[in-house]
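starting from these lines, generate the structure:
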Amino acid sequence: MTQLQATPLSNGPVRATAWLLAGAGTLPFIDGFGDALLFGGTALGAVHIYAALIASFICGIHWGAALFAPGGLALRLFLLSNGAALIGWLGALLPARPGFLLLGALFAALLLVDRHLWRAGLWPLWFWHLRLAITAVVVGACLCIGLGA
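As a prediction, the model looks like this:
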């Protein structure tokens, strides 16, 4: 059996697809912001749950990164990602205002983990840029929804 080496995906179509999908993933956050702004947050329940799911999704990415990380970093990633997923769950259980504020803070904290993974050489630069841009939209939406809900 041939052993495959993990390499960061860096070709144009992969990057473009990742950006497209990540951008599409921000649409519920933008919709939630619009709902909070225009309609007083009448449909925030679905966005609230979606935010917690996306936080867990990012935790899963970090869990996967742990598989390729050196021992000490791998252990920290396993522990941090599981703890962060539980914080996301708590954010989903809270009422909208504190829930979105907690989730916004969680997304910002997860971005710090991504920065560390990029600096450690586990993330390619393009992925760090993607995470930075998408997280700015998501954190902004969560904070605006949380403050306005």
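
does anything pack onto the least confident helix or strand in the chain by mean pLDDT? Which helices or strands?
Lowest by mean pLDDT, DSSP states H and E among the helices and strands of the chain is helix 27-39, with a mean of 89. Judged by 3 or more CB pairs under 8 Å, 6 or more residues apart in numbering; DSSP states H and E, helix 27-39 is in contact with helix 44-66, helix 125-148. In this view, the C-beta of every residue, glycine as well, is placed from N, C-alpha and C.

contacting residues for the closest residue to residue 46 other than its chain neighbours?
Closest residue to residue 46 apart from its sequence neighbours, by CB to CB, 6 or more residues apart in numbering: residue 28 at 7.4 Å. Contact analysis of residue 28 by CB atoms under 8 Å, 6 or more residues apart in numbering lists 46, 47, 50.

quick one on the thing from earlier: put the alpha carbons of the least confident helix or strand of the chain into CSV.
Taking C-alpha atoms only, helix 27-39 is exported to CSV below (Å, rounded to 0.1, in the frame of the first residue of the first chain):
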residue,chain,number,x,y,z
LEU,A,27,-24.8,34.1,4.1
PRO,A,28,-26.8,33.0,7.1
PHE,A,29,-24.8,35.3,9.3
ILE,A,30,-25.4,38.2,6.9
ASP,A,31,-29.1,37.2,6.8
GLY,A,32,-29.2,37.2,10.6
PHE,A,33,-27.7,40.6,10.7
GLY,A,34,-30.2,41.9,8.3
ASP,A,35,-33.0,40.3,10.2
ALA,A,36,-31.8,41.8,13.5
LEU,A,37,-31.4,45.2,11.9
LEU,A,38,-34.7,45.3,9.8
PHE,A,39,-37.1,43.0,11.7
